[in-house]
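1. next comes the sequence, and after it the predicted model I'd like to discuss.
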Amino acid sequence: MRNGMTVDAPETTTLQRFVQSGVATAVMGELDNVMKSHNEANQTVKYPDNRPVKLSIKNLVVGYLDHQSGQTTVAVDKVSLDVREGEFVSIVGLSGCGKSTFLNAIAGLVKHQYGEIKVNDRLVNGPGKDRAVVFQKASLFPWKKVGRNITYGLELSGMKPAEAREKASYFVNLIRLTGFEHHYPHQLSGGMQQRVNLARALACDPEVLLLDEPFAALDAITRELMQNELLELCEKVGKTVVMVTHQIDEAVLLSDRVIIFSARPANILDDIRVPFSRPRKGLIKDSEEFRSLMSHVWKIIEGNANIGGGI
């Protein structure tokens with residue numbers, strides 16, 4: 001079933017066709033063995049939700065070839081996941097388990113060898129305007145002021161400068177940086193830079209916003225503040241979001257669902273629905289229910305820590 005929950009077992013010929021287009025022919029056998037040995041059980045957990053599926057990942061396999069040794073590392077192994085319109089989904093798991101590789105595959109920055117990724121039922125074969133990525137570091141252009149950093153993607157897409165400036169002004173206000181439009185990145189704090197990075201991504205109006213440890217480079221206090229700001233921002237813009245994080249509390253606070261990845265190669269250990277209603281505030285972290293859910297997520301990760309990729 002293409003759009004349902006059931007996924008048929010892949011045929012070897014189909015796998016080989018994908019491998020030949022991405023990873024070298026020499027590694028076909030290894031990836032084929034991974035396919036045969038992996039449990040064919042469907043990993044997608046379905047919740048009663050009438051919203052349309054915005055992002056659909058089916059049986060995704062991503063591997064890296066070491067050209068010197070000829071060995072292949074399978075980073076993502078048969079992951080299937082549906083994310084509905086307006087959902088905020090976080091991916092957590094051990095360091096090196098394949099979380100960022102999974103996110104980069106959705107972004108089209110890393111080629112996958114098997115399976116499919118769709119946004120609005122359109123196949124993803126590379127980067128596109130329907131997805132925007134926010135990385136750990138702000139990666140702003142140091143020679144451009146805040147306003148010009150935000151309008152950069154809009155101008156590349158062909159938007160007229162006046163219209164781009166007007167749109168940038170809206171997002172400057174949204175991220176609470178009014179008055180800093182003419183400042184250079186080096187004149188901003190780390191948290192302010194990352195807010196500009198978020199605004200640049202949102203200004204392009206992507207269908208899916210991808211966050212790769214967006215607050216990892218910030219100090220603890222700024223990180224807490226940015227979490228609360230992202231909560232408010234997501235309430236206002238209503239985007240579909242997939243975030244990778246090592247912080248369990250961050251995942252539980254921000255998300256509608258927390259996806260727990262296994263040790264490498266990544267597959268889904270659990271798909272947990274976060275029960276807290278929206279809008280949320282950071283104070284929810286003090287509740288017993290919040291701490292209990294964090295403990296539950298941690299126990300699943302800890303129970304898998306000595307298998308495969310390790311810490």
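-> Looks like it arrived, so ask away.

2. ok so residue 221 is a helix residue?
-> Yes: read with DSSP: H, G, I helix; E, B strand; the rest coil, residue 221 is one of the residues of a helix.

3. against residue 215, how distant is it?
-> According to C-beta to C-beta, to the nearest Å, residue 221 and residue 215 sit 11 Å apart. C-beta coordinates here come from the backbone N, C-alpha and C atoms, glycine included.

4. of those two, which one has the most company?
-> Using other C-beta atoms under 10 Å as the criterion, residue 221 and residue 215 rank with residue 215 on top: 24 against 9.

5. can you get me a residue count around the residue nearest to the more buried one when sequence neighbours are not counted?
-> Nearest residue to residue 215 in three dimensions, chain neighbours excluded: residue 223, at 4.5 Å (C-beta to C-beta, 6 or more residues apart in numbering). Neighbour count for residue 223, taken as other C-beta under 10 Å: 18.

6. contacting residues for residue 223?
-> By C-beta atoms under 8 Å, 6 or more residues apart in numbering, residue 223 lies in contact with 215, 247, 250.

7. any stretches of the stretch 151-300 of the chain with poor pLDDT?
-> Low-confidence segments of the stretch 151-300 of the chain (pLDDT under 70): none present.

8. going along the chain, name the strands of it.
-> Ranges of strands within the stretch 151-300 of the chain are 208-212, 240-244, 257-261, 268-273, based on DSSP state E, counting those that start in this stretch.

9. which of the residues in the first one are classified as buried?
-> By neighbour count, and taking 16 or more other C-beta atoms under 10 Å as the criterion, the buried residues in strand 208-212 are 208-212.

10. swap in the last one?
-> Of the residues in strand 268-273, 268-272 count as buried by neighbour count, 16+ other C-beta under 10 Å.

11. let me see the ranges of the strands in the stretch 1-150 of the chain.
-> Counting by DSSP E, counting those that start in this stretch, the strands of the stretch 1-150 of the chain are 53-65, 72-84, 88-92, 114-119, 122-123, 131-134.
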